[in-house]
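*Asks:* here are the coordinates; sequence isn't available:
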């Protein structure tokens, strides 16, 4: 039994250590060893690949590290059988990969892509962020391509709009959105 707990300890330590080294290399030098395979990959409506998951190598290291440490902790701290401990470790490893992939998807959704056109906002709703004065220009927040953007806007008939007023974009003029109050 001591040999198996030592194997679990070393498996978890080596996998965790390699994972930390890979993550540090990717942060400090831009080196990224993902094997071009991602957990939870897919294609969005634009035909672009969704790279919201962890790379297959990092996913494997995460799985082995979490599964080993969980199984070892159960064996050392309970009277459960090895079968239950290993099954619990495998489940914990799968849950860890799922949580991390969802976390990275959340982070990637917060990225702002610089490529968009103002016309893509037409027909969408947003909120006034900087008040729009009478016959003047303010700013609204609106979602374009899944990213919240703050863009200049003016009211269609020249009326003033206060902060947090819900508006709909009807047109674009001179790098400015034309909006109406909803």
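*Replies:* That came in fine, so what should we check first? Note that the coordinates shown come from a computational prediction; the quantities given were computed from them, not determined experimentally.

*Asks:* Domain-wise, how is this protein divided?
*Replies:* According to automatic domain parsing, the chain comprises the domains 2-109, 118-181.

*Asks:* how long is the first one from one end to the other?
*Replies:* By Cα to Cα, to the nearest Å, the extent of domain 2-109 from end to end equals 45 Å.

*Asks:* rewinding a little: now render the domains of the chain as a markdown table, adding mean pLDDT.
*Replies:* Shown next, in a markdown table, are these (pLDDT from 0 to 100):
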| stretch | mean pLDDT |
| --- | --- |
| domain 2-109 | 78 |
| domain 118-181 | 93 |
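
*Asks:* Could I get those domains in TSV, plus columns for mean neighbour count?
*Replies:* C-beta: built from backbone N, CA, C; applies to glycine. TSV is the format used below for the domains of the chain (neighbours: other Cβ atoms under 10 Å):
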stretch	mean neighbour count
domain 2-109	15
domain 118-181	16
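
*Asks:* Name the residues that touch stretch 15-25?
*Replies:* 31, 33, 57, 58, 60, 61, 62, 64, 65, 68, 69 (Cβ atoms under 8 Å, 6 or more residues apart in numbering).

*Asks:* can you tell me which of these are in helices?
*Replies:* 57, 58, 60, 61, 62, 64, 65, 68, 69 (DSSP state H).

*Asks:* can you put those residues in JSON lines and add distance to residue 24?
*Replies:* Shown next, in JSON lines, are the ones in helices among the contacts of stretch 15-25 (distance: Cβ to Cβ, whole Å):
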{"residue": "57", "distance to residue 24": "14"}
{"residue": "58", "distance to residue 24": "12"}
{"residue": "60", "distance to residue 24": "18"}
{"residue": "61", "distance to residue 24": "13"}
{"residue": "62", "distance to residue 24": "15"}
{"residue": "64", "distance to residue 24": "18"}
{"residue": "65", "distance to residue 24": "15"}
{"residue": "68", "distance to residue 24": "21"}
{"residue": "69", "distance to residue 24": "20"}
